[in-house]
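Peer 1: Fold the following.
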Amino acid sequence: MKILALSNLYPPDFIGGYELACADVVDALRDRGHDVRVLTAAPRLPVASPAHVLRRLKLIDEWSENGMGMSPFAFRRDEAESRLVSAYNVHALTTVLDEFQPDVVYVCAITGLGGFGLMACLQFLDIPWVWQLGDRVPHHLCSTRQRVIPGLAEAFSQHIRGHFIVVSDQLRREIEVGGIRLQGHVETIPNWITGTCGENRRDFYRGGHLRIMTAGQVARWKGTDVLIEAAARLRDAGHDDFSVHIYGKVHQPDLASMIHSLHLSNHVILQGVLPHALLLEAYRDYDLFAFPTLEREPFGLVPLEAVARGCVPIISRRCGIAEWLVHGVHCLKAERTPESFARVFAEVIERRIDLQPLARRGATAAWRDFHLDAILPRIERLLVRASSQAKGIAGSSHDAYRLARMAEQLTASLLEETIAA
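Peer 2: Below you'll find the model as predicted:
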């Protein structure tokens, strides 16, 4: 089967798990004999690009501090090109579609590319697609400044129809609560781990120094402040023999000041960014993986990586990964408060919770049910199903580009009128 993967970024140029997951699937599908090409943006810095990776798209880097225009009009123009339509990218997409003639398109993250226009182009050309939703991307494509525009949401709901993969039911609810309906076939498939199991872990907490870690973006939206305050409460309750190591890029520098002001420098340590391969090894050196993330976390892969290596996750009670792991069986869950996380830490230290059976059951489930080898056949079946449902009645690439140019020019005119008013 000929498959075109569509992603805003592609490793080694990436932001997080979404782009890495796309690369996982692409590599696995190629290993299974499929002819797969990737259409993605020109990299933000020079990177290697094998022949099957086509870096032809233009990216509006919403995630960079300098990625958007500074004036009100320039910002809104860039936001529209990022989310609504980029005629340049529609032209690049139709060119690759004409060259490659894929049976199906595997869509991943497309914010930053004029993603609404790209999906409308696929619909107009009657190109079958499967959209891997690891975040609320339809919400992004129908919104400006994070506010959903009702007319765009209705247009999306009426015209964008195909095969969707959502990584949690919570994510689907969040998208649809905003007034966006996912029309067509929707299947809930979790994110996955890769690699090999290796030797089973043998050392588990039996008292003494409790080793806690977390990894990811160091910011309040990921709960770093909750974890720091939980450490203070644990110490103030008389438990002093513990450490919390925080891995990742610091997005809010005042969190370091928070550690200092609470006199936690001997307990809570910012470890910086660790390469992913080394992070996977580091999990085995810790007893608990703390994940006090926001409730709207679509999935959350790092707790799954941790438990696969015998490090028991304690996660927010309501987040995407919480749908897939069972409290007291594979993991521990807590309310997203310092008090709740500190209470669970104390119960482990006081030996009221035995981590060994949790770690063993969690690791077994991770390697059996959440490895890409178990997940890929489900994605592959959806790709085959989608490819078989093309109607064969489609517009032309030239018409798609002309419509994209008209939409882009109309959007610019409307923005000018809005700013002037």
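Peer 1: Not counting sequence-adjacent ones, nearest residue to residue 32?
Peer 2: residue 380 (7.2 Å; C-beta to C-beta, 6 or more residues apart in numbering). The way it works is simple: take the backbone N, C-alpha and C, and place the C-beta from them, glycine included.
Peer 1: For my notes, confirm the one you found occurs in a strand.
Peer 2: No. Counting by DSSP: H, G, I helix; E, B strand; the rest coil, residue 380 falls outside a strand, being helix.
Peer 1: excluding its backbone neighbours, what's nearest residue 160?
Peer 2: Of all residues beyond its chain neighbours, the one nearest residue 160 is residue 119 (5.2 Å), with distances taken as C-beta to C-beta, 6+ apart.
Peer 1: What pLDDT is listed against that neighbour?
Peer 2: We have a pLDDT of 98 for residue 119.
Peer 1: Confirm it sits in a helix?
Peer 2: Yes. Counting by three-state DSSP, residue 119 is found in a helix.
Peer 1: re the thing from before, what's around the residue nearest to residue 32, how many residues?
Peer 2: 18 (other C-beta atoms under 10 Å).
Peer 1: Residue 2 now?
Peer 2: When neighbours are counted by other C-beta under 10 Å, residue 2 comes out with 13.
Peer 1: mind checking how far it is from residue 18?
Peer 2: Using C-beta to C-beta, to the nearest Å, we find residue 2 at a distance of 23 Å from residue 18.
Peer 1: Ok, residue 374 next?
Peer 2: 20 Å.
Peer 1: Could you check which of those two is surrounded by more residues?
Peer 2: residue 18 (24 against 14).
Peer 1: so which strand or helix has that one?
Peer 2: Assigned by DSSP states H and E, residue 18 belongs to helix 17-31.
Peer 1: count of residues packed around the nearest residue to residue 389 once chain neighbours are set aside?
Peer 2: With C-beta to C-beta, 6+ apart as the criterion, residue 389 has its nearest non-adjacent residue at 6.0 Å, and that residue is residue 128. Close neighbours of residue 128, defined as other C-beta under 10 Å, add up to 20.
Peer 1: Quick check, residue 128 in contact with residue 103.
Peer 2: Yes. Applying C-beta atoms under 8 Å as the test, residue 128 and residue 103 come out as touching, 7.2 Å apart.
Peer 1: Pull up the overlap in contacts between those two.
Peer 2: Residues touching both residue 128 and residue 103 by C-beta atoms under 8 Å, 6 or more residues apart in numbering: residue 387.
Peer 1: which other helices and strands contact the helix or strand just after the helix holding residue 18?
Peer 2: Remark: after helix 17-31, the chain's next helix or strand is strand 35-41, criterion DSSP H and E. If you count contacts as 3 or more C-beta pairs under 8 Å, 6 or more residues apart in numbering; DSSP states H and E, strand 35-41 packs onto strand 2-6, helix 17-31, strand 53-57, helix 87-100.
Peer 1: list the buried ones in the first one?
Peer 2: For strand 2-6, the buried set under the neighbour-count rule, 16 or more other C-beta atoms under 10 Å, comprises 3-6.
Peer 1: longest helix of this structure?
Peer 2: As assigned by DSSP state H, the longest helix anywhere in the chain is helix 397-420.
Peer 1: Does anything pack onto it? Which helices or strands?
Peer 2: helix 72-83, helix 87-100, helix 115-124.
Peer 1: most tightly surrounded among the ones you listed?
Peer 2: helix 115-124 (a mean of 24; mean count of other C-beta atoms under 10 Å).
Peer 1: So what angle separates the directions of it and helix 87-100?
Peer 2: 40 degrees (axes from the mean of the first three to the mean of the last three C-alpha atoms, to 10 degrees).
Peer 1: then the helix or strand containing residue 140 to CSV, C-alphas only?
Peer 2: Under the criterion of DSSP H and E, residue 140 resides in helix 137-141. Extracted C-alpha coordinates of helix 137-141, given in CSV (Å, rounded to 0.1, in the frame of the first residue of the first chain):
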residue,chain,number,x,y,z
VAL,A,137,-5.9,19.6,16.7
PRO,A,138,-9.4,20.2,15.2
HIS,A,139,-10.0,22.7,18.0
HIS,A,140,-6.8,24.5,17.0
LEU,A,141,-7.8,24.6,13.3
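Peer 1: Output the contacting helices and strands for that helix.
Peer 2: Against helix 137-141 (3+ C-beta pairs under 8 Å, 6+ apart) you get helix 115-124, helix 150-159, helix 169-177.
Peer 1: One more pass at 10 Å, please.
Peer 2: helix 72-83, helix 115-124, strand 147-148, helix 150-159, helix 169-177 (3 or more C-beta pairs under 10 Å, 6 or more residues apart in numbering; DSSP states H and E).
Peer 1: ok now do the spatially closest residue to residue 103 that is not a sequence neighbour, which residues does it touch?
Peer 2: Distances taken as C-beta to C-beta, 6+ apart put residue 387 closest to residue 103, at 4.2 Å, once the chain neighbours are dropped. Residue 387 makes contact with 1-3, 102-105, 127-130, 163, according to C-beta atoms under 10 Å, 6 or more residues apart in numbering.
Peer 1: Residue 404 now?
Peer 2: Counted by C-beta under 10 Å, 6+ apart, residue 404 has contacts 85-91, 93-94, 114, 117-118, 120-121, 124.
Peer 1: From those residues, pick the one nearest residue 53.
Peer 2: residue 93 (15.1 Å; C-beta to C-beta).
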